[in-house]
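Compute the structure for the input listed below.
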Amino acid sequence: MSKKVKNKNKSWHYAIVAYLIAGYVYFVGLFTKFIYKKDKQAQELDDKQQVIYAFWHNQQSFLLFPYRKKGKISVLVSMSSDGEYIASSLPKFNMKATRGSSTRGGFAALRGLIEDAKKGFNPALTPDGPRGPIYKASPGIIYLARKTRLPIIPAGVDCSHKFHVNSWDKFQIPLPFGRLAIVYGEPLYFNPEQDTQVLCDILTERLNKATKEAAKLCKKGK
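I've put the predicted structure just below:
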């Protein structure tokens, strides 16, 4: 079989899986109670100006359904085969996929997000992806904030009904009939007077705080 035929078969495979993912996510979303809580500054920014959305790698599936009506969002997706499934699914939620990662095509992908930001997109990425360490922000997102001058909104997410995949980050997939909380923490602005690692640590702290708050909201009413 020629390489061209193999690639065509792969494309069909990803397309079919993307439809299955979208169908499942829409089903779960329709039977999930969503809870939103936003920091005052984040509330003022969200939906009123461009921002960078940051969320942990293992929580990204939680945001597909609620973010489908967010407007122009460009999501950084890894170059891996698993990333291809996500990239193929994003258009079904009105989102654009920009391919790359911190290990493969990282700076090229960030340049892609920068160009998307110039076109009015809100960049979205997982600062601990694609290989970790889990729950620790890497410098890439700070570089993006420096180049775009956009504030970073840390989005902490949790779901009361979910299961974990056997992966490095214990990737989480929502189940129906539960509660899903999205908490926006205090926005982070790039400050040239602060060290990049210090900004990474601040973002890590704010994301973890928002995630813990989302978990508490999910437990209420059980």
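
Downstream of the longest strand seen in the chain, the next helix or strand is which one?
The residue-count maximum for a strand in the chain (DSSP state E) belongs to strand 152-159. Per DSSP states H and E, the first helix or strand lying C-terminal to strand 152-159 is strand 162-164.

list the helices and strands that following strand packs on?
strand 172-174 (3 or more Cβ pairs under 8 Å, 6 or more residues apart in numbering; DSSP states H and E). Backbone N, C-alpha and C define where each C-beta goes, glycine included.

Can you give the strand pairings for the strand it packs on, parallel or anti for each?
strand 162-164 (antiparallel) (DSSP bridges).

mind listing what's buried in the strand it pairs with?
Lys162 (16 or more other Cβ atoms under 10 Å).

any idea how far that strand is from the chain center?
17 Å (Cα atoms, centre = their mean, to the nearest Å).

Residues contacting it, please?
Lys170, Phe171, Gln172, Ile173, Pro174, Leu175, Gly178 (Cβ atoms under 8 Å, 6 or more residues apart in numbering).

Relative to the whole chain's centre, how far out is the longest helix along the chain?
Using DSSP state H to define each element, the chain has its longest helix at helix 3-30. How far helix 3-30 lies from its chain's middle: 19 Å, per Cα atoms, centre = their mean.

tell me what that helix is packed against?
Packed next to helix 3-30, using 3+ Cβ pairs under 8 Å, 6+ apart, are helix 81-89.

Show me which residues of the helix it packs on are buried.
Buried residues in helix 81-89 (16+ other Cβ under 10 Å): Gly83, Glu84, Tyr85, Ile86, Ala87, Ser88, Ser89.

Dump the residues you listed to CSV, plus distance to Gly156 and pLDDT.
Shown next, in CSV, are those (distance: Cβ to Cβ, whole Å; pLDDT from 0 to 100):
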residue, distance to Gly156, pLDDT
Gly83, 23, 77
Glu84, 27, 84
Tyr85, 24, 84
Ile86, 20, 87
Ala87, 24, 89
Ser88, 27, 90
Ser89, 22, 93
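
Please report how far the residue nearest to Leu45 when sequence neighbours are not counted lies from Gln43.
With Cβ to Cβ, 6 or more residues apart in numbering as the criterion, Leu45 has its nearest non-adjacent residue at 5.4 Å, and that residue is Val51. Val51 sits 12 Å away from Gln43, going by Cβ to Cβ, to the nearest Å.
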